[in-house]
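S.K.: quick one, fold the following:
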Amino acid sequence: MEQKHESVIIKFDFPGEQTVGEITKVVGLVAAKYMVPIIDALDLEANPRSSKTGSVTSDIQESIETDPMIFPFKTKGILLAASQYERLERNRYKITPENRSIEGILDGGHNTLAIGLYILQRAMEARGLAFPRGQKTWDEFKTLWRQNTDSVHAYLEALKKETNDRTLDFYIPAELLVPRDPEDLACVEAFRRELLEICAARNNNVQLPVSDKANQMGCFEDLKELLDARNPAVSDRVAWKTNDGGDIKAQDIVALAWIPLNLITPVRDGSGRTLEPVLAQNIYRNKGGCLKQFEKLMSSPEVTSESGEGYKHQLKNSEVKSAFQIAAELPELYDYIYEMFPALYNAAGGLYGRITAVKTLNEKRRDLRTPFGGKVIETVSPDGYIMPLVYGLQALMENRIVRGRHEICWNRPPMEFLHRNLGKIVQSYAGIFSMCDYDPQKIGKNPQSYAQALSGFKMAMAGIL
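M.R.: Numbering: from 1, shown residues only. Modelled structure (predicted):
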């Protein structure tokens with residue numbers, strides 16, 4: 001994708017500069033009216049989290065309304081970064097973010113959203129336009145902003161003539177990070193490499209989720225692309241980044257990905273230590289740990305390399321990519337097992353609807369659908385019952401040499417195999433329920449559940465069941 005090199009001029013009041021190593025920091029205050037060109041030109045691609053309205057943005061707007069003079073002392077403001085910049089007269093800086101995925105607004109997305117909505121609402125109402133109520137994500141706000149750009153700029157012009165209107169006379173603290181010498185390529189590259197850690201540190205007032213950091217590093221890119229190619233409806237629902245609107249967590253996809261990833265040839269981290277595989281039960285009980293191990297995997301020099309875009313990583317390990325190809329199929333297979341399990345459990349002699357955990361879950365849920373594809377079904381199930389069976393699909397995978405390289409491959413078509421054998425596998429697997437008192441937490445966290453499911457798949461493959 002071609003990068004946008006749109007410039008924006010930032011007007012500081014009371015600025016100061018500090019330079020340490022390869023980074024220069026400009027600190028100061030920005031008048032609210034000068035936030036308009038920043039919002040016009042920049043988005044939140046470089047921010048590890050997206051933003052949406054809620055109590056935080058409401059509190060910011062209330063502070064602006066009630067205490068505009070002390071507002072700049074109550075907030076961190078915004079943090080900007082650009083690898084190319086120019087000092088202009090009258091405390092102005094012209095910045096040109098060259099790579100929008102790592103440069104632009106690094107922190108302060110909620111401040112920017114709250115202030116942008118504050119300005120936009122007044123601009124629209126000044127023209128007699130109805131301001132739409134309700135919660136808004138950053139993307140929804142920017143769409144509304146672009147649709148009403150003329151109103152915003154007309155509002156600013158009107159304020160110049162209304163000397164008694166002090167609506168936008170409040171300040172926002174602002175920091176701008178730039179390379180010490182934008183003409184020195186080594187300096188610029190060093191500057192870009194540091195931006196992710198700066199982002200993570202600045203966002204730690206609300207702990208930066210591992211998924212957001214991994215997303216910013218580019219760790220999800222190949223998995224995203226393969227999932228989108230396989231099942232775009234599911235891919236569109238994944239929240240790879242906090243507040244980006246998806247209802248499927250990135251860690252749910254990553255946990256499933258470890259089923260084939262556990263079969264890859266062991267790799268070492270940057271310190272030369274061999275990375276451990278993920279325990280079978282941890283794909284259910286410790287998805288956060290799966291995510292941390294995934295970040296370590298994708299940071300391994302044997303798996304990824306620097307892409308030349310600052311801290312972004314690019315996948316170079318074909319074996320890992322082949323595991324991702326299989327991982328992209330797992331949500332569909334998970335849904336199939338999820339949908340079929342209640343009837344197959346009953347066919348094996350059980351009374352699924354009478355299990356307390358099942359009855360309670362279905363009474364609470366009004367919308368009965370499969371977790372990934374969203375297909376309407378008759379009965380939903382606790383994930384702890386289903387995950388061991390999904391893990392059992394590993395029996396259908398193998399690490400084989402293809403064209404001189406290791407790849408993780410299916411040893412037979414998985415959906416066809418499930419159609420023929422899932423009932424027999426469920427019959428073998430159902431014995432674990434009584435051993436665990438029908439408790440989905442116990443079943444999902446018990447290593448024996450995964451061993452039993454895997455054994456059932458292997459016996460079905462061998463024709464024993």
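S.K.: give me every residue that touches residue 167.
M.R.: When contacts are counted by C-beta atoms under 8 Å, 6 or more residues apart in numbering, residue 167 is found next to 122, 159. (Glycine included, C-beta is placed from N, CA and C.)
S.K.: that's a helix at it, yeah?
M.R.: No: judged by DSSP: H, G, I helix; E, B strand; the rest coil, residue 167 forms no part of a helix; its state is coil.
S.K.: what are the phi and psi values for it?
M.R.: Backbone torsions for residue 167, taken as degrees, to the nearest 10, come to phi -60, psi -40.
S.K.: do you know how far it is from residue 31?
M.R.: Between residue 167 and residue 31 the distance, using C-beta to C-beta, to the nearest Å, works out to 12 Å.
S.K.: same question for residue 71.
M.R.: In this structure, residue 71 and residue 31 are separated by 12 Å, where distance is defined by C-beta to C-beta.
S.K.: what's the burial count for residue 277?
M.R.: The number of residues packed near residue 277 is 14, by other C-beta atoms under 10 Å.
S.K.: kindly report the same for residue 189.
M.R.: Other residues near residue 189 come to 15 when the count uses other C-beta under 10 Å.
S.K.: swap in residue 217?
M.R.: Applying other C-beta under 10 Å, I find that residue 217 has 21 neighbouring residues.
S.K.: ok, the one 10 residues further on next?
M.R.: The local packing count at residue 227 equals 25, with neighbours defined by other C-beta under 10 Å.
S.K.: for whichever strand or helix holds it, packing partners?
M.R.: Counting by DSSP states H and E, the element that carries residue 227 is helix 221-230. Here helix 221-230 touches helix 232-235, helix 250-261, strand 313-315, helix 318-327, going by 3 or more C-beta pairs under 8 Å, 6 or more residues apart in numbering; DSSP states H and E.
S.K.: list the buried residues in it.
M.R.: For helix 221-230, the buried set under the neighbour-count rule, 16 or more other C-beta atoms under 10 Å, comprises 221, 222, 223, 224, 226, 227, 230.
S.K.: need those in TSV with pLDDT and distance to residue 443, can you?
M.R.: Written out in TSV, the entries for the buried residues of helix 221-230 read as follows (pLDDT from 0 to 100; distance: C-beta to C-beta, whole Å):
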residue	pLDDT	distance to residue 443
221	88	34
222	91	32
223	92	28
224	92	31
226	94	30
227	94	27
230	93	29
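S.K.: output those residues as CSV; include the columns distance to residue 161.
M.R.: Rendered in CSV, the data for the buried residues of helix 221-230 read as follows (distance: C-beta to C-beta, whole Å):
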residue, distance to residue 161
221, 49
222, 54
223, 54
224, 49
226, 56
227, 53
230, 57
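S.K.: which one among these gets closest to residue 145?
M.R.: Looking at the buried residues of helix 221-230 and their distance to residue 145, the nearest is residue 224, at 26.5 Å (C-beta to C-beta).
S.K.: please report the distance of the closest one from residue 234.
M.R.: Applying C-beta to C-beta to residue 224 and residue 234 gives a distance of 11 Å.
S.K.: give me the distance between the one helix or strand residue 141 maps to and the centre of its chain.
M.R.: Assessed by DSSP H and E, residue 141 sits inside helix 138-147. Remark: helix 138-147 is offset 20 Å from the chain centroid, using C-alpha atoms, centre = their mean, to the nearest Å.
S.K.: nothing else from me, thank you.
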